[in-house]
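# Sequence and computational prediction follow.
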Amino acid sequence: MTASPERPAPTWLTVFRLLRWDKPEGRLILMIPALWAVVLAARGTPPPLLIGVIVLGTLATSAAGCVVNDLWDRNIDPKVQRTRSRPLAARTLSVKVGIIIALVAFICAWGLSRYLNPLTFWLCVAAVPVIVLYPLAKRLFPIPQLVLAIAWGFAVLISWSAVSCSATPAPTPCLGTATWLLWGATVLWTLGFDIVYAMSDRDDDRRIGIKSGALFFGAYVSHAVGLFYAGTVLCLWQLGIVMSLGIAFWVALAIAAILWASQYYRLCQKTIPHRTYAQLFKQNVAIGFVLLGGMILGAKG
């Protein structure tokens, strides 16, 4: 008796996987800096409608970025253990469908951006080339995670300007010192957690010639991640001083610093189980929300 062939997954589920909505950590970790910015710019009480626009906007932008990445990498992903089952790599969706889905996601993001002020809208536009060209950086630039970090930094600039460049009088300066401190913290944090994420792919990336910060820093990669986390703490520390944030922020920052120090310690071990990298990446989502809670309470008090 022969086994019946496995039935293909429904198209909607395949599209769901293409957008990475089956892996919410990657969507949340982009949303977090955007929420940091809108909360701090509004001093803890951002308009609910604006929060909704930012949440939906980050989901649309993240979805578009994932599809664009998979379109670029559809011939590379089959050679990497972690990515070989992605829909475009596995040919369960066509390139044409992928392009249509990416365009729909970008159009949704564009529609949401029309709600925002002119500066914020043009910041959204400026972010698009960075998102589209990030996969190319993995072929040309030794630390492509920096390009991704700059894309993440746009989430701060967009959300902050959506509050401070619209309000009259503005509760905080439009893209002032505090904005750039949060931008710096976000860029450094993204460099840290995304290099951790890339450490799990080092063997495959080395074999097929993909650039990665996890390869660039070599034996010193754990120390590089530790420095990026330390820089994040320093930027957030200065941000708390500049904005005179309350005790809740400092407690949250202390928790984050302890957890990042713990991650650095684990990464410095000689033998690291492969699953550790994904665990540490997911822990950064929790750290981001701890900081968000501290910012909400600290900005009010």
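Yep, it's here. Numbering: from 1, shown residues only.

# ok, for L136, nearest residue in space, not its chain neighbours?
Using Cβ to Cβ, 6 or more residues apart in numbering and skipping residues adjacent in sequence, the residue nearest L136 is W72, 6.8 Å away. C-beta coordinates here come from the backbone N, C-alpha and C atoms, glycine included.

# Check the gap between R84 and V221 for me.
The gap separating R84 from V221 is 24 Å, by Cβ to Cβ, to the nearest Å.

# quick one: which of those two has more around it?
Neighbours were tallied for R84 and for V221 using other Cβ atoms under 10 Å; the higher tally belongs to V221 (20 against 13).

# and the more buried one, which of the three is it?
helix (DSSP: H, G, I helix; E, B strand; the rest coil).

# if I read this right, it contacts S212, doesn't it?
No - look at V221 against S212 with Cβ atoms under 8 Å: they stay out of range, at 9.4 Å.

# and for those two, which residues touch both?
Residues touching both V221 and S212 by Cβ atoms under 8 Å, 6 or more residues apart in numbering: I195.

# Okay, now the unreliable bits of this structure?
By pLDDT under 70, the low-scoring segments of the chain are 1-8, 166-173, 301.

# Check which helices and strands the strand or helix carrying L259 sits against.
Counting by DSSP states H and E, the element that carries L259 is helix 247-267. Counting contacts by 3 or more Cβ pairs under 8 Å, 6 or more residues apart in numbering; DSSP states H and E, helix 247-267 packs against helix 177-199, helix 221-242, helix 275-300.

# Residues touching that helix, excluding its own?
Against helix 247-267 from outside (Cβ under 8 Å, 6+ apart): 192, 196, 199, 221-222, 225-226, 229-230, 232-233, 236-237, 240, 272, 276, 280, 283, 287, 290-291, 293-299, 301.

# do the same with stretch 213-233
Contact with stretch 213-233 is made by 142-146, 184-185, 188-189, 191-192, 194-196, 198-199, 201-202, 205-206, 253, 256-257, 260-261, 263-264, 267-268, as judged by Cβ under 8 Å, 6+ apart.

# and what of stretch 275-295?
Stretch 275-295 is contacted from outside by 25, 28-29, 32-33, 35-36, 39-40, 44, 189, 192-193, 196-197, 199-200, 236, 245, 248-253, 255-256, 259-260, 263, 266-267, using Cβ under 8 Å, 6+ apart.

# Just the buried ones out of those, please.
Among those, those buried by neighbour count (16 or more other Cβ atoms under 10 Å) are 28-29, 32-33, 35-36, 39-40, 44, 189, 192-193, 196-197, 199-200, 236, 245, 248-249, 252-253, 255-256, 259-260, 263, 266-267.

# thinking again about what came up before, please work out which of the helices and strands packed on helix 247-267 is packed deepest.
Burial of these is given as mean neighbour count (mean count of other Cβ atoms under 10 Å); helix 177-199 ranks first at a mean of 24.

# For the helix or strand A64 falls within, which helices and strands make contact with it?
For A64, the element it lies in under DSSP H and E is helix 48-72. Secondary-structure packing of helix 48-72 (3+ Cβ pairs under 8 Å, 6+ apart): helix 11-18, helix 24-41, helix 95-113, helix 118-140, helix 144-164.

# again, 7 Å this time
Here helix 48-72 touches helix 24-41, helix 95-113, helix 118-140, helix 144-164, going by 3 or more Cβ pairs under 7 Å, 6 or more residues apart in numbering; DSSP states H and E.

# Pull the residues that contact the third one.
This means helix 118-140. By Cβ atoms under 7 Å, 6 or more residues apart in numbering, the residues outside helix 118-140 that reach it are 61, 64-65, 68-69, 72-73, 113-114, 144, 147-148, 150-151, 154, 157-158, 161-162, 165, 210-211.

# Of all the residues in it, which ones are buried?
119-121, 123-124, 127-128, 130-132, 134-135, 137-138.

# From what I see, L56 and S113 are in contact.
No - using Cβ atoms under 7 Å, L56 makes no contact with S113, being 10.7 Å away.

# Between those two, which has more neighbouring residues?
S113 (21 against 14).

# what residues are up against the more buried one?
57, 121, 124.

# gap between the last one and E25?
Right, C124. Distance from C124 to E25, by Cβ to Cβ: 24 Å.

# Next: the second one.
Between F121 and E25 the distance is 29 Å, computed by Cβ to Cβ.

# Same question for the first one.
Between G57 and E25 the distance, using Cβ to Cβ, works out to 19 Å.

# next one: G294
Distance, G294 to E25, by Cβ to Cβ: 20 Å.
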